[in-house]
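**Q** Got a sequence here, can you build the structure:
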Amino acid sequence: MEKTISVNKKAYFEYFVEETYEAGLMLVGSEVKSIRQGNVNINDSFVFIRGTTARLINAHIAPYDKGSHFNPDAKRDRILLLNKNEINKLRGKADQKGYTIVPLRLYFKDALVKLEIGLCKGKELHDKRKTLKERDLKRDLQRQISEKQ
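**A** Below you'll find the model as predicted:
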């Protein structure tokens, strides 16, 4: 059973998502409790691969309010748990021009915190305008359908 905690809507607007991967996160216990309360933001974060490890950079997990003074830093780098083959594949693709690795959604899978990351290519300005236009058309169609009923 999956329970979505946070979705990076900005990523779908800014990038074309070509491939998705599921990664585990190396967290401290108080961070998991804070995530369960929904105190997390992945909108401005990204994934960086250095050597044989993938890291989630700039994700904000608020300190657990009932935790001790040993709570970890809210914006610290967190290690992603991926296979060696997946890391090598992502590194090879991310080194190509225009590709980046972006977190798409954070969710619980049973009792584990998982992060869905996407291999993305940046959109141009005209692509973003097209996305906005399509979204407006869908909204207008839904309004017309609901008015007729």
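**Q** Distance from the chain centre to stretch 103-116, please.
**A** 9 Å (C-alpha atoms, centre = their mean, to the nearest Å).
**Q** cool, and stretch 86-98?
**A** 17 Å.
**Q** which residues touch the strand or helix carrying residue 140?
**A** Element membership of residue 140 [criterion: DSSP states H and E] is helix 125-148. By C-beta atoms under 8 Å, 6 or more residues apart in numbering, the residues outside helix 125-148 that reach it are 13, 14, 16, 123. C-beta coordinates here come from the backbone N, C-alpha and C atoms, glycine included.
**Q** Between which two of those residues is the distance greatest?
**A** Pairwise distances across the contacts of helix 125-148 peak at 10.6 Å for 13 and 16 (criterion: C-beta to C-beta).
**Q** Report the set of residues contacting both of the two.
**A** By C-beta under 8 Å, 6+ apart, the residues touching both residue 13 and residue 16 are residue 123.
**Q** quick one, phi psi at residue 70?
**A** For residue 70, the backbone dihedrals (degrees, to the nearest 10) come out as phi -90, psi 10.
**Q** And for it, the neighbour number?
**A** Neighbourhood size, residue 70 [other C-beta atoms under 10 Å]: 8.
**Q** Can you tell me how far it is from residue 2?
**A** 31 Å (C-beta to C-beta, to the nearest Å).
**Q** cool, residue 147 as well?
**A** Residue 147 is 35 Å from residue 2, by C-beta to C-beta.
**Q** For the most centrally placed residue in the chain, name its beta-bridge partners.
**A** Compute the mean C-alpha point of the chain, and by C-alpha atoms, centre = their mean the closest residue is residue 103, 2.4 Å away. Bridge pairing for residue 103 (DSSP bridges) gives the partners residue 117.
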